[in-house]
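Trainee: turn this into a structure:
(one chain, ligands or ions: 1)
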Amino acid sequence: MTDATQRARKSTPYWWEAAPVRPLPEQALQKQVDVVILGAGYAGLSAGLTLARAGRSVAVFDAMNPGEGASSRNGGITSGSIRPGFAKLTRRFGEKTALAIEAEGKRAREFLYDFLKTEEIDCDFRLTGAFRGALGFDQYDVMARAAETLAKRLQIDTYAVPHGEQRDYIGTEFYRGGVARMDIGGLHPAKFHAGLLRVTRAAGVAVHSHTPVTAITRDGAGFEVTTRAGKIAARQVLVCTNGYTDGAAPFLRRRLVPVRSRIIVTDPLPADLMDRLMPKRMMMSENRQLGFYYRPTPDGSAILLGGRDSSFAGDPVEPMLRLRAGLTELFPELRDVGYTHSWFGNVAMNRDMLPRMFEKDGVLYASGFCGSGVVWAPWLGRRAAQRLLGERIEEPSAFDMRPPAAVPFFNGRPWFMPAIIKGFALQDRLALSRAIR
Ligand SMILES: Cc1cc2nc3c(=O)[nH]c(=O)nc-3n(C[C@H](O)[C@H](O)[C@H](O)COP(=O)(O)OP(=O)(O)OC[C@H]3O[C@@H](n4cnc5c(N)ncnc54)[C@H](O)[C@@H]3O)c2cc1C
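Mentor: So this is what the prediction gives:
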């Protein structure tokens, strides 16, 4: 096979076919606003909308087209998950904090679903439910216990699916049962972003595309923000640059590792094959360190699968081959299938893998969504805006925290990622060989 035939036909996101990202018409730079926001992804726009509706003047700057970061590239799975998982969170923080974190995930998901409805954002959202596969019967037991606790303590609609019933959820023998979460669904991420951008601009927020912020400096009680288009004064500054953070936010850049995540999309598949592989058209995931997330396209005709991409420069073919191999390990029937799209984007990892908002030297940050920002970014963007407004919140956010720890020997270029990914791959091979199968 040549390099060209191994690749998908397009290297741009599948989602851009129906909702392309575009520059906005140029507009004059205001001299002064209440709040400047860096980043026009879900987090920055959600914050801008909340602030504008509370009467604040807001300017949002993005270095690229709005949404061209992760917010139009992702899998569209409304997981709102926290990477360490409930069992690990309980071991690390105790059950009370683990439950508070899960409870906030529940509120954040409900907020998103309600927001889509109230703002009439048509983004193919369906509350399909999600299935998470267990590698072995021992892992299944741990997952089933966590589901039971979440159902009992937080009334989350989740339950264990034993191996014998797995085929009703997914057409693979790879897993040894799993857990269903009926509060998770799928949306079209670029249509969601376009809808959010529309309502945010309609609320009076000035969104400037292709206008990177290059410096933020303290100026009396406020800030002077330098952009490609000139300087602007702001009383407050919020940084929502997540996996695309650059030198304009050096404090954050030392604390947030951008990691590539890649998605591939199959050619359209026969309806009876889709019925066998994804009978309920649910969202899918698993527990491996380098685990895959996958789902049907919104029209239910093809499969979209994502996972880690170990490259950090250029667009080599190997990450796509790893994803193809992963998909055929799950579904051997897809061995000879072709691929329409393969693309990557950056997710942002903190050392402790918890998203958060935090303040440093008067600047507020909302980031570190660890690959689950479809739910967390709009939510924490809104919570950050409420903090800037000085609003008294009934329940404080479990993610209003201290800054994450700095990553040693790191200044924005994740040179160590290929080695870390190799280590994770080894851990996954060991976990699979030790799993009770
Ligand atoms: C391939 C992939 C698959 C994913 N799948 C899922 C999924 O299925 N479910 C899920 O929940 N999450 C998923 N995610 C994660 C999710 O997409 C992100 O967490 C979320 O979009 C983050 O939104 P954001 O607004 O924080 O950042 P982004 O949307 O990344 O926006 C940050 C913006 O900041 C801008 N910026 C950076 N520096 C500057 C500067 N100096 N001046 C001005 N602008 C600047 C960038 O141009 C960028 O547009 C996935 C991510 C990827 C890449």
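Trainee: give the buried residues for the host helix or strand of Val237.
Mentor: Assigned by DSSP states H and E, Val237 belongs to strand 230-239. Going by neighbour count (16 or more other CB atoms under 10 Å), the buried part of strand 230-239 is 232, 234-239. Backbone N, C-alpha and C define where each C-beta goes, glycine included.
Trainee: quick one: name the residues of the stretch 251-400 of the chain near the ligand.
Mentor: Residues of the stretch 251-400 of the chain lying near the ligand by CB under 6 Å from any ligand atom: 261, 263, 293, 306, 345-347, 367, 369, 371-375, 377.
Trainee: which one among the residues you listed gets closest to the ligand?
Mentor: Set against the ligand, the nearest of these by CB to the nearest ligand atom is Gly373 (1.9 Å).
Trainee: look up how far Val199 lies from the closest one.
Mentor: From Gly373 across to Val199, the span is 18 Å (CB to CB, to the nearest Å).
Trainee: who has more neighbours out of those two?
Mentor: Gly373 (30 against 18; other CB atoms under 10 Å).
Trainee: from what I can see the more buried one touches Asn74, true?
Mentor: Yes - the criterion here is CB atoms under 8 Å, and Gly373 meets it with Asn74 at 7.3 Å.
Trainee: tell me, how many residues neighbour Asp34?
Mentor: Number of residues near Asp34 (other CB under 10 Å) recorded here: 18.
Trainee: what residues are up against it?
Mentor: Taking CB atoms under 8 Å, 6 or more residues apart in numbering, we find Asp34 in contact with 51, 56-58, 234-236.
Trainee: and which of those residues is nearest Met282?
Mentor: Minimum distance to Met282 across the contacts of Asp34 is 36.1 Å, recorded for Leu51 (CB to CB).
Trainee: and Tyr294, what's its pLDDT?
Mentor: For Tyr294, the model assigns a pLDDT of 98.
Trainee: tell me the strands beside the helix or strand where it lies, with direction?
Mentor: In the assignment (DSSP H and E), Tyr294 maps to strand 293-296. Here strand 293-296 is paired, per DSSP bridges, with strand 283-286 (antiparallel), strand 303-308 (antiparallel).
Trainee: averaged pLDDT, the shortest one. What do you get?
Mentor: Which is strand 283-286. Averaging pLDDT along strand 283-286 yields 97.
Trainee: now swap in stretch 194-212 and tell me
Mentor: Mean predicted confidence for stretch 194-212 is 98.
Trainee: now do the same end-to-end measure for it.
Mentor: 20 Å (CA to CA, to the nearest Å).
Trainee: I'd say Tyr42 and Gly195 touch.
Mentor: No - counting by CB under 8 Å, Tyr42 stays clear of Gly195, with 10.9 Å between them.
Trainee: overlap in contacts of those two?
Mentor: Counting by CB under 8 Å, 6+ apart, nothing touches both Tyr42 and Gly195.
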